[in-house]
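below are the sequence and a predicted model for it; my questions follow.
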Amino acid sequence: QVQLAESGGDLVQPGGSLRLSCAASGFTFGNYPMSWFRQAPGKERELVGAIADNGGGTNYDDSVKGRFIISRDNVKNTMYLQMNSLKPEDTAVYYCTVRVENRRFWGQGTQVTVSS
């Protein structure tokens, strides 16, 4: 079955950097686009960005454009989210997600807290 597992969340100071990972299994990873979402306390889950199946294209929400970079390793079946110049408003639980055969799957999420 499809499984997604995020890791790398932590407490970081404003202006700092963090890299999240999403390890995938149970499907042919390299055949599917992947996405990162986040959900801050009291807010709806929102799209952070997405990456094409072959890693050849990415898109980002305006709030993270120029600061966050999504990449993937189709040999390791892992997607990454490099987060730079972090701001307190980036504090959220970060989720990776994939849509396989008309069903969307989510990981359990990893907490990112940006605070001094």
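Yes, it's here.

Arg38 bridge partners, please.
Counting by DSSP bridges, Arg38 forms beta bridges with Glu46, Tyr94.

that one is in contact with Ala92, isn't it?
Yes - the pair Arg38 / Ala92 is scored as a contact, 3.9 Å apart, by Cβ atoms under 8 Å. Any C-beta I mention is one placed from the backbone N, CA and C, and that applies to glycine too.

so what sits against both of those two?
Common contacts of Arg38 and Ala92 (Cβ atoms under 8 Å, 6 or more residues apart in numbering): Val112.

and Glu89, its phi and psi?
With angles defined as degrees, to the nearest 10, Glu89 sits at phi -70, psi 0.

shift numbering so it begins at 320
Got it, the first residue is 320 from now on, which makes the last one we talked about Glu408.

count the residues that sit near it.
Residue crowding around Glu408 was assessed by other Cβ atoms under 10 Å; the count is 10.

mind listing what it touches?
359, 382, 433.

between the residues you listed, which has the most around it?
Val433 (20 neighbours).

touching, it and Val331? I think so.
Yes - counting by Cβ under 8 Å, Val433 does reach Val331; the two are 5.7 Å apart.

which residues do these two both contact?
Common contacts of Val433 and Val331, defined by Cβ under 8 Å, 6+ apart, comprise Leu405.

returning to that earlier point: need the contacts of Glu408 in JSON lines with distance to Arg418, can you?
Supplementary listing: the contacts of Glu408 in JSON lines, determined by distance: Cβ to Cβ, whole Å:
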{"residue": "Ala359", "distance to Arg418": "23"}
{"residue": "Ser382", "distance to Arg418": "23"}
{"residue": "Val433", "distance to Arg418": "29"}
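
counting only strands, which of those residues make the cut?
Taking DSSP state E as the definition of strands, the contacts of Glu408 contribute Val433.

name the strands paired with whichever helix or strand Ser390 is part of and say parallel or antiparallel.
Ser390 is part of strand 387-392, with elements assigned from DSSP states H and E. Taking DSSP bridges as the criterion, strand 387-392 pairs within the sheet with strand 397-402 (antiparallel).
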